Structure formats: C-alpha cells, structure tokens
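A.B. asks: Dropping a prediction and its sequence here:
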Amino acid sequence: MSVMLHRRGVLSAGLAALSLAALGGGSAQAQAARLRMLWWGSQERADRTNKAISAYKQVKPDLDIAGEFAGWSDYWPRLATQVAGRNAPDLIQMDYRYIFEYGRRGALAPLDDYIGKGLKIEDFGKMNIDSGRVDGKLYGINLGVNSSAVFFDKAAWEKSGATPPSIGQTWEEFAENAAKLSKNKPKPGYFATADASGVEPSFENWLRQNGKSLYTQDGGIGFDPTDATKWFTLWADLRKSGACVPADVQALDQLNIETNPLTTGKAATAFAHSNQFVGYQKLNKAKLAISSYPKSTKDGPSGHYLKPSMLISVANGSAGIEQAVGFINFLVADPQGIDILGVERGVPASESMRNALTPKLDEVSKSMVEYIAEITPGVGDLPPAPPPGAGEFAFVLKRTAEEVGFGKISPEEGGDRLVKESETVIKRK
C-alpha cells in the first residue's frame with residue numbers, strides 16, 4: 001500500500017505542477033540543436049528508436065537527440081517528476097489516457113499549425129489525426145494504430161488437444177479449452193493463460209462487450225460494482241479450474257513484455273496490445289499466433305476498437321519545437337523512418353506509408369497488419385476521453401485484482417473496492 005501511495009503522490013504532485021511547469025517554459029533551457037526524447041517500452045522498441053535517431057542524424061547532422069526509456073510502470077512517475085521540475089523532455093511518448101490531462105494543463109505544445117507543413121500527416125484520416133486532439137487542439141501525433149489482442153503458443157494449445165483462441169470464440173469456450181490445456185500441460189508449473197484480471201485494456205474490452213465502458217462522457221466511472229464483480233469472478237473461476245496462472249506467478253508480471261507469464265514460460269497465452277506482437281515474438285522461442293479477445297456472446301460485440309498505440313508530443317516551451325516536429329515527421333511520414341520502426345509501435349496511420357511498408361515486413365509483422373485488417377469491420381467507436389486521474393486507474397485495478405487473486409478479498413469485495421477507489425482517483429471533467 002505504501003508503494004501505491006508513493007506512486008500516487010509522485011503522479012499527483014507532478015500533474016499538479018504541469019500548469020506551472022508549462023508557464024515556466026518546460027524544457028526551454030534545452031539548446032535548439034539538442035533534444036531529449038523519453039519513451040516507455042521494451043528493449044526491442046529502444047533498439048528501433050535509437051536506430052531511427054541515428055538515421056535522422058544523417059539527415060540533420062546539426063541536431064542531437066538524446067533518448068531514454070523506462071518500463072510502463074516507471075515511465076509516468078518519471079515523466080511527472082521531470083515536468084514538475086521544469087525539466088520536461090522535448091519529445092514525449094504519450095498515451096491516450098494521459099494526453100487529456102497533460103494537454104489541458106498546458107504541458108504540451110499544440111501542433112495544428114504544422115499540419116501540411118512540417119507534418120505531412122494528411123493521409124492519416126480524420127479519426128487517426130483526431131486521436132491526438134484535446135478540446136479541438138492537436139497535442140499528439142499518432143505513432144501507430146493498434147487494438148487489444150491475444151497472443152498464444154499455438155503448438156502448445158494444439159498438442160494438449162485444446163482448441164486455441166480464435167476470432168468469434170466465447171469466454172465460456174475459452175475457459176473450457178484453457179482448462180483442458182492446463183490439465184494436459186506439457187510441463188509442471190505451466191498454464192493455459194496469464195491472469196488478465198488486473199489488465200486495464202482487458203477489463204475495458206470485456207465491459208464494452210457487455211454494453212458498458214470504463215468512463216462515461218462526463219468523466220465518471222462507466223461500470224458498477226456488479227460489473228467488476230463479474231469480471232473478477234470470471235478470472236477466479238479460471239484460477240480455480242487451473243486454467244490460468246496462480247496469483248503468486250501473476251504478481252511477478254510488471255505489465256511489460258519481459259515479465260508476462262507467456263514470456264517467462266509459465267503460460268501459453270497473453271492478453272496485450274497488438275503492436276506488442278513484435279516484441280513478444282522477439283523474446284519467445286515458440287512461434288506465437290495472434291487473435292482477438294474471446295466474446296461474451298457469439299452474436300455480441302467484440303469490444304475492440306482501433307486506438308493510437310501511442311502518440312508523440314512536444315513539451316510546451318521546448319526551444320527546439322520545429323526540430324522536434326521534423327523528427328516526428330521522420331518517424332510517421334518518411335519511408336526511412338517507417339521502415340526502421342516497422343509495426344512495433346502499431347500499424348502506420350498513414351495509408352501511403354502502410355501500403356509501402358507491408359510488402360517489406362517479415363511474417364510476424366505482417367500478422368499484425370492482417371490482424372488489424374481482420375478485426376476492423378467489427379470494431380466499435382473510440383471510447384470517451386479518459387478523465388483526469390485515469391492514468392492511476394490501471395494501478396488501482398492491478399492491486400485490487402491481486403488481492404482477489406491471493407484470496408485476501410472476495411470477487412464481490414473486489415468489485416466494491418474497485419469502484420470506490422476508482423472514484424477517489426478519477427476526477428470528473
């Protein structure tokens with residue numbers, strides 16, 4: 001609990017200082033010829049990003065870009081601390097759930113004036129451009145399109161005699177087959193699936209399948225204790241049947257590729273973002289397959305939607321905003337930058353770049369593009385914009401799910417607690 005309070009304190013303090021930091025110039029002290037870039041992700045992402053930085057150095061030899069990265073859980077406290085200390089990086093990898101808070105507090109530079117000039121993103125399409133807007137202003141550029149997805153070791157599923165995940169499979173069918181795999185497990189301590197009860201995108205997808213949402217249009221919680229209880233019960237039943245990893249194994253997952261039970265050899269299935277497929281395959285010896293989430297009912301909605309896997313923003317007050325915009329354009333609209341990044345950050349939003357890239361992709365990357373194309377006809381609308389405090393919800397969900405998993409509280413108690421604690425961190429617009 002003390003770790004959570006510390007994390008919350010860091011985030012709150014940093015976010016509270018955003019307006020002051022923006023007024024103070026953010027990273028204005030940085031020289032125009034030197035930019036700092038901060039991103040989260042795996043080593044695979046870091047390697048690709050650093051390669052792109054090196055390639056851009058050949059285009060702009062008078063510009064230095066210093067890059068640094070962190071895991072998801074550490075990234076946001078680090079960014080909040082840097083912003084609060086008026087030491088914001090010039091280039092900021094941004095998430096859809098956080099951009100509204102940072103944008104509204106004046107920490108990000110509006111980029112509308114660069115469209116068609118330094119930013120050649122006209123063929124992104126309105127939805128992909130607007131995914132980076134806050135209250136009508138463009139604060140983030142779409143780095144790639146993705147959706148939630150299931151990654152799995154197809155051979156492990158089939159060798160057990162179980163039917164692997166597939167588009168159209170229901171949660172009930174998934175549970176039955178997962179229990180079958182675990183019963184016929186190839187080695188001790190191996191299970192059909194990781195426990196996704198504490199994974200925010202998984203919970204959101206399930207809510208959307210059942211006519212609910214994480215948040216309402218006015219910034220409130222879009223689910224009630226009964227909904228959360230059903231979600232925790234679904235996973236409690238999977239644990240009881242031996243279908244998913246036990247709580248002590250799942251607790252080691254820090255919500256990144258390296259520590260997910262699929263990567264650590266404890267499970268045959270992971271619930272993640274489609275753009276992470278490249279990173280997962282890089283770290284897994286077994287050949288992985290990709291599919292959509294199980295559905296609540298055969299004829300019901302899939303719960304999926306297309307979202308920016310991440311965005312890239314520029315700190316308000318950066319002394320090198322034009323240089324930063326130039327590098328962003330290199331990443332999202334220049335064939336050389338697109339080739340280097342591939343689809344690790346998602347499928348390019350630019351139609352022309354996507355069409356040029358696809359024939360060059362390896363089998364793993366092509367699977368991602370095909371997956372997005374396959375689910376697109378059945379996706380729903382982009383959900384309501386996350387309200388202030390939404391970034392903290394992921395930590396509340398993970399902690400509550402772990403307490404249910406360890407048997408410290410029941411699914412019903414978990415449902416009540418999730419709603420109550422969510423209401424303390426979420427602030428209505």
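C.D. replies: Received, thanks. Numbers count the residues shown, from 1 in each chain.

A.B. asks: quick one, what contacts the residue lying closest to residue 62 once chain neighbours are set aside?
C.D. replies: In this structure, residue 62 finds its nearest non-sequential neighbour in residue 33, 5.8 Å apart by C-beta to C-beta, 6 or more residues apart in numbering. Every residue, glycine included, has its C-beta placed from N, CA and C. Shown in contact with residue 33 (C-beta atoms under 8 Å, 6 or more residues apart in numbering): 62-64, 320, 323.

A.B. asks: again, but for residue 321
C.D. replies: By C-beta under 8 Å, 6+ apart, the neighbours of residue 321 are 90, 109, 314.

A.B. asks: The last one in helix, strand or coil?
C.D. replies: If I follow you right, that is residue 314. strand (DSSP: H, G, I helix; E, B strand; the rest coil).

A.B. asks: gap between it and residue 141?
C.D. replies: 9 Å (C-beta to C-beta, to the nearest Å).

A.B. asks: Quick check: neighbours shared by the two?
C.D. replies: Residues touching both residue 314 and residue 141 (C-beta under 8 Å, 6+ apart): 111, 328.

A.B. asks: could you check the distance from residue 254 over to residue 339?
C.D. replies: According to C-beta to C-beta, residue 254 stands 31 Å off from residue 339.

A.B. asks: Ok, residue 311 next?
C.D. replies: Counting by C-beta to C-beta, the separation of residue 311 from residue 339 is 21 Å.

A.B. asks: Same drill for those two, tell me which one is more crowded.
C.D. replies: residue 311 (23 against 15; other C-beta atoms under 10 Å).

A.B. asks: For beta bridges, what are the partners of the more buried one?
C.D. replies: On the basis of DSSP bridges, residue 311 is bridged to residue 94, residue 142.

A.B. asks: Hmm, it is touching residue 146, no?
C.D. replies: No - between residue 311 and residue 146 there is no contact under C-beta atoms under 8 Å: 11.9 Å.

A.B. asks: got any ranges where the chain has weak pLDDT?
C.D. replies: Within the chain, the stretches with pLDDT under 70 are 1-32, 428-429.

A.B. asks: repeat that with 80
C.D. replies: For the chain, residues meeting the criterion pLDDT under 80 lie at 1-33, 385, 391, 427-429.

A.B. asks: which residues in it form strands?
C.D. replies: Taking DSSP state E as the criterion, the chain carries its strands at 34-40, 64-70, 91-94, 133-134, 137-138, 141-146, 148-153, 269-273, 288-291, 307-314.

A.B. asks: Redo those as JSON lines? Include distance to residue 385.
C.D. replies: Formatted as JSON lines, these follow (distance: least, C-beta to C-beta, whole Å):
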{"stretch": "strand 34-40", "distance to residue 385": "21"}
{"stretch": "strand 64-70", "distance to residue 385": "25"}
{"stretch": "strand 91-94", "distance to residue 385": "13"}
{"stretch": "strand 133-134", "distance to residue 385": "8"}
{"stretch": "strand 137-138", "distance to residue 385": "13"}
{"stretch": "strand 141-146", "distance to residue 385": "15"}
{"stretch": "strand 148-153", "distance to residue 385": "18"}
{"stretch": "strand 269-273", "distance to residue 385": "19"}
{"stretch": "strand 288-291", "distance to residue 385": "28"}
{"stretch": "strand 307-314", "distance to residue 385": "12"}
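
A.B. asks: Quick one, which of those strands gets closest to residue 368.
C.D. replies: Between residue 368 and those, the tightest spacing by C-beta to C-beta is seen for strand 288-291, at 6.9 Å.

A.B. asks: Output the contacting helices and strands for the closest one.
C.D. replies: Counting contacts by 3 or more C-beta pairs under 8 Å, 6 or more residues apart in numbering; DSSP states H and E, strand 288-291 is packed against strand 148-153, helix 277-283, helix 363-375.

A.B. asks: chain center to the first one: distance?
C.D. replies: For strand 148-153, the distance from its own C-alpha centre to the chain's C-alpha centre is 14 Å (C-alpha atoms, centre = their mean, to the nearest Å).

A.B. asks: Then the longest one?
C.D. replies: Here the centre of helix 363-375 is set off from its chain's centre by 17 Å, with C-alpha atoms, centre = their mean.

A.B. asks: just stretch 104-115 next, same as before
C.D. replies: 22 Å.

A.B. asks: Restricting to C-alpha, output it in CSV.
C.D. replies: Extracted as CSV, the C-alpha positions of stretch 104-115 are listed here (Å, rounded to 0.1, in the frame of the first residue of the first chain):
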residue,chain,number,x,y,z
ARG,A,104,-5.3,20.6,-20.5
ARG,A,105,-2.7,21.6,-18.0
GLY,A,106,-0.6,23.3,-20.7
ALA,A,107,2.3,20.9,-20.6
LEU,A,108,2.2,20.1,-24.3
ALA,A,109,2.6,22.3,-27.4
PRO,A,110,-0.3,22.5,-29.9
LEU,A,111,0.9,21.2,-33.3
ASP,A,112,-2.0,22.2,-35.6
ASP,A,113,0.0,24.9,-37.4
TYR,A,114,2.5,22.3,-38.6
ILE,A,115,0.0,20.1,-40.4
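
A.B. asks: Just the buried residues of it, please?
C.D. replies: Residues of stretch 104-115 classed as buried by neighbour count (16 or more other C-beta atoms under 10 Å): 104-111, 114.

A.B. asks: ditto for stretch 394-410
C.D. replies: Neighbour count says stretch 394-410 has 394-405, 409 buried, by 16+ other C-beta under 10 Å.

A.B. asks: export those to JSON lines and tack on distance to residue 363?
C.D. replies: Formatted as JSON lines, the buried residues of stretch 394-410 follow (distance: C-beta to C-beta, whole Å):
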{"residue": "394", "distance to residue 363": "32"}
{"residue": "395", "distance to residue 363": "36"}
{"residue": "396", "distance to residue 363": "38"}
{"residue": "397", "distance to residue 363": "34"}
{"residue": "398", "distance to residue 363": "33"}
{"residue": "399", "distance to residue 363": "38"}
{"residue": "400", "distance to residue 363": "39"}
{"residue": "401", "distance to residue 363": "34"}
{"residue": "402", "distance to residue 363": "36"}
{"residue": "403", "distance to residue 363": "41"}
{"residue": "404", "distance to residue 363": "38"}
{"residue": "405", "distance to residue 363": "35"}
{"residue": "409", "distance to residue 363": "44"}
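
A.B. asks: Great, nothing more from me.
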